[in-house]
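S.K.: how does the following fold in three dimensions:
(3 chains)
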Amino acid sequence: MTWTPWRSLAPHTPLSPTVLRELLDGGQAFCWYETDSVWEGTWGEHIARLRLSDNGQLEWSAPTTCPDASDALRHYLALDPEWEKTIDALPWRSDAVLASAMGNWPGLRILRQPFAETLLTFLCSSTKQIVQIKQGCAQMAATLGKSLPGGRHRLPDWEALHAADEDDLRACRLGYRARFIKQTAAFLAEHPGWLEETEALPYAEARARLITLPGVGAKIADCVLLFGAGRLESFPVDTWILKVMAQRYRLDGWKPEQVATFGRTHFGPLAGVAQQFLFADARAVRRIAPAGTDTSA
DNA sequence: TGACAGGGGGTGT
DNA sequence: ACACCCCCTGTC
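M.R.: Here you go, the predicted structure:
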């Protein structure tokens, strides 16, 4: 397999290796792998490589057999001038916590992933860490997904998942999530067009519908809408966000659903973007803090 | 290098 | 509140 020469996606806000890692491997997407500062990833039917130039600009390469991946990449990475305006509309001027987090992660953004695929990856995510989720996704792709140029496979579509045995899914180290995926696949097979309709619905209605799927609760529904449908008002609340909000916004004792509502109200139509900055901060603190350090209380 | 707990980015009952 | 299911991670 030969790959195209590197070409630039500039201009955009310069990215540091740390921010790029957070973007591609921080919990939004689970199909990116890094080798010697080169990231290779798949989304939908696409595959591409990404690296950073000396001045923090993205460069890309794709298999020579693929059509120009540049447009797909720009869309996937939200590399449009609009994004800068989007960021500026966040209430950072009146929120020092948010301003600080945004300052720590310049260029961090929300990926635009395929909806159906995002539902699948986040269905795999409950009580799993990123490494484990990635393993499950890689296994599913390898065993049930169509092959892509370059030896990798794309994630299986819901039709393929419906046709698969639960044992095939279990073999992908998905644990009890295998049953949820099978049940969801069966439901989607019985209701053609349901996913597409859901994606087109307003946020609250789409969220309510997703939650009716087996294995999809409020958190996963919010992730699917934020990362897979561009619903930037979605504010996913996991245990880390729960901690951050408790500590820095004095929301001790609040329940996840209450924090989600607070987030959407406080941060407004771009709450999910704010969430991503706060989330990145929380993850960084966890990595840097010495073992046993507890900043709560 | 290897065995052994502990616990995990959530959901459903 | 607790089970679900399994694997990653830290530790001895």
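S.K.: quick one: secondary structure of the residue most central in space within chain A?
M.R.: A centroid search over chain A (Cα atoms, centre = their mean) returns A:Q28, at 1.8 Å, as the residue closest to the centre. Secondary structure assignment for A:Q28 (DSSP: H, G, I helix; E, B strand; the rest coil): coil.
S.K.: so what's it up against?
M.R.: A:I110, A:L111, A:Q113, A:F227, A:Q276 (Cβ atoms under 8 Å, 6 or more residues apart in numbering). C-beta coordinates here come from the backbone N, C-alpha and C atoms, glycine included.
S.K.: which of these has the most neighbours?
M.R.: A:Q276 (27 neighbours; other Cβ atoms under 10 Å).
S.K.: how distant is the helix or strand hosting that residue from the center of its chain?
M.R.: If you go by DSSP states H and E, A:Q276 is part of helix A:271-288. How far helix A:271-288 lies from its chain's middle: 13 Å, per Cα atoms, centre = their mean, to the nearest Å.
S.K.: give the contact list for A:G145.
M.R.: Shown in contact with A:G145 (Cβ under 8 Å, 6+ apart): A:H153, A:R154, A:L155, A:P156, A:A160.
S.K.: just the buried residues of these.
M.R.: The neighbour-count test (16 or more other Cβ atoms under 10 Å) marks A:H153, A:R154, A:L155, A:P156, A:A160 as buried among the contacts of A:G145.
S.K.: now the last one, nearest residue through space, not along the chain?
M.R.: This means A:A160. Nearest non-adjacent residue to A:A160, counting by Cβ to Cβ, 6 or more residues apart in numbering: A:L144, 5.2 Å away.
S.K.: which stretches of the stretch 51-200 of chain A have low pLDDT?
M.R.: A:67 (pLDDT under 70).
S.K.: so which strand or helix has the residue of it found nearest DNA strand B?
M.R.: Per Cβ to the nearest atom of the strand, A:S126 is where the stretch 51-200 of chain A lies closest to DNA strand B, at 3.1 Å. Taking DSSP H and E as the definition, A:S126 sits outside all helices and strands.
S.K.: hmm, back to that, against A:E45, how distant is the residue nearest to A:A160?
M.R.: As defined by Cβ to Cβ, to the nearest Å, A:L144 lies at a distance of 15 Å from A:E45.
S.K.: between these two, which one's more packed in?
M.R.: Counting neighbours by other Cβ under 10 Å for A:L144 and for A:E45 shows that A:L144 has the greater number, 19 against 11.
S.K.: neighbouring contacts of the helix holding A:Q276?
M.R.: Under Cβ under 8 Å, 6+ apart, the answer for helix A:271-288 is A:22, A:26-28, A:86-87, A:90-91, A:97-98, A:100-102, A:104-105, A:108-110, A:222, A:226, A:231-236, A:240-241, A:243-245, A:248, A:263-264, A:267, A:295.
S.K.: any residue of that helix touching DNA strand C?
M.R.: No: applying Cβ under 7 Å from any atom of the strand, one finds helix A:271-288 separated from DNA strand C by no less than 9.3 Å.
S.K.: ignoring the adjacent residues along the chain, who's closest to the residue in the stretch 151-297 of chain A that DNA strand B sits nearest to?
M.R.: Using Cβ to the nearest atom of the strand, A:G217 is the residue of the stretch 151-297 of chain A that sits closest to DNA strand B, at 2.4 Å. Nearest non-adjacent residue to A:G217, counting by Cβ to Cβ, 6+ apart: A:I211, 6.3 Å away.
S.K.: is it true that that neighbour touches A:D222?
M.R.: No: here A:I211 does not reach A:D222: they are 9.7 Å apart, not a contact under Cβ atoms under 8 Å.
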